[in-house]
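Asker: Curious how this folds, go ahead:
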Amino acid sequence: MKKYVIVLCLSLFSLVAVQAQNQLEELVKEGIAYHDNGQYEKAIESYQKMLELDPNSSIAYYEIGMSYMYAKQYDLALEYSNKAIERGGRYTVPAIVVKASTLSNQNRVQEAIELLEDTIEKYEADVMVYYNLAICYFKLNNLDGAERALVAGIYDNPLHASSHYMLAVLKESQQLRIESMLSAYFFLLLDQHSARSVKMLQLIEQSFAHGVTVSTEEKNVVNLTIPKGSLEADSKYGMVEMGLVLNAAANFELKIGQDIQGFCDRTTNFLGLLQGVKTENPASMLELDLVFYVPFFNAIREKDVFCNYIYQMTPGGNKQWLDKNEKKVESFQQWMQEWIQEKASELEQQVEEK
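Answerer: Next up, the predicted model:
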């Protein structure tokens, strides 16, 4: 009888534990839904209920800290992210990212940088650590530091779209047209349906038109401007720059950004020019364009699929083409994932060796 009672008690205890865990999971989902809708106070209420069930829930402290950060209640964001960090476990690094972002939002950027750099040394840092570090360096106009952080993050996770987006913006600010275009194109492979997608498409189209203007003095005269340094023997993108300018001049009367066919023609020409770029023995792993982007784009065989796939962000998109070529699109997606996965493993090994 005593044994039966013990078994019954254990069963009841297990049932209560399962129910509590289910409640915690439901509250997490509820809180995240509120947070994603910008209802931060309601999200925090859901997470506080979690703490009533489990006062040591690191995920609850982490989520509360993040919601307070988005609500711009920075002192509370720091308090709760610190509590999540103190409890250790899998939410330590995410909580550190929240803390660093909060410090940055308080204009304590150098503190945020020191915290993130320390995290990279102490923990197995992920792409979000590097991405937020890049944001901090950007705020200080330290573009070299931002680039190093972004490249390290992409090596950690090549599928992190925001890192490619920021790298495109960074390269554009340095007037490195080709490198900026490479990052923008890769971003569009990962994100085709956001405001940022439209910006990246515009960046690419403006890059195609760069260096070609109509003369204000002579009728029907087009002026060509070859980027400085592109004619030098050691210019890695000299021939690409010249090819883009000449192509833009030859098609100057065509309206940029008006149709998918024009975009595909320009893109196909660009990809063809990239075939002549030497990618052997890059100076350093920081040259992500030579280590990752150019090899990827040179490996693409289905260029028509590539063009149509990244052009989905336009009004109305090109859904008809995509639906008609569904199998080709699926094959392209599978190839892309396999190529990136294989390349990521290769890069990880190279980084460890260095």
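Asker: Skip the chain neighbours and tell me the closest residue to K171.
Answerer: S180 (3.7 Å; C-beta to C-beta, 6 or more residues apart in numbering). Every C-beta, even on glycine, is put in place using the N, C-alpha and C of the backbone.
Asker: Next: L159.
Answerer: Computed as C-beta to C-beta, 6+ apart, the closest residue to L159 that is not its neighbour in sequence is L190, at 6.1 Å.
Asker: what comes into contact with stretch 151-163?
Answerer: Applying C-beta atoms under 8 Å, 6 or more residues apart in numbering, the contact partners of stretch 151-163 are 125-131, 134, 150, 164, 167, 187, 190-191, 285-286, 288, 292, 340, 343-344, 347-348, 351.
Asker: so how far is I340 from the residue nearest to L159?
Answerer: Remark: distance between L190 and I340 (C-beta to C-beta, to the nearest Å) = 10 Å.
Asker: Give me the spatial nearest neighbour of K343, chain neighbours excluded.
Answerer: Spatial nearest neighbour of K343, excluding adjacent residues (C-beta to C-beta, 6+ apart): F292 at 6.7 Å.
Asker: so what's the one you found up against?
Answerer: Applying C-beta under 8 Å, 6+ apart, the residues near F292 are 154, 158, 343, 347.
Asker: Widest-spaced pair of those residues?
Answerer: For the contacts of F292, the maximum inter-member distance is 10.9 Å, found between I154 and K343 (C-beta to C-beta).
Asker: Neighbour count for those two, which is higher?
Answerer: I154 (25 against 16; other C-beta atoms under 10 Å).
Asker: Just the element for that one, please.
Answerer: Assigned by DSSP states H and E, I154 belongs to helix 143-156.
Asker: Please apply the same query to G89.
Answerer: Assignment of secondary structure by DSSP H and E places G89 within no helix or strand.
Asker: cool, and the one 5 residues further on?
Answerer: Following DSSP H and E, one finds P94 within helix 92-105.
Asker: following that helix, which helix or strand comes up?
Answerer: Scanning the chain past helix 92-105 towards its C-terminal end, the next helix or strand to appear is helix 109-122 (assignment: DSSP H and E).
Asker: Sweet, I'm off.
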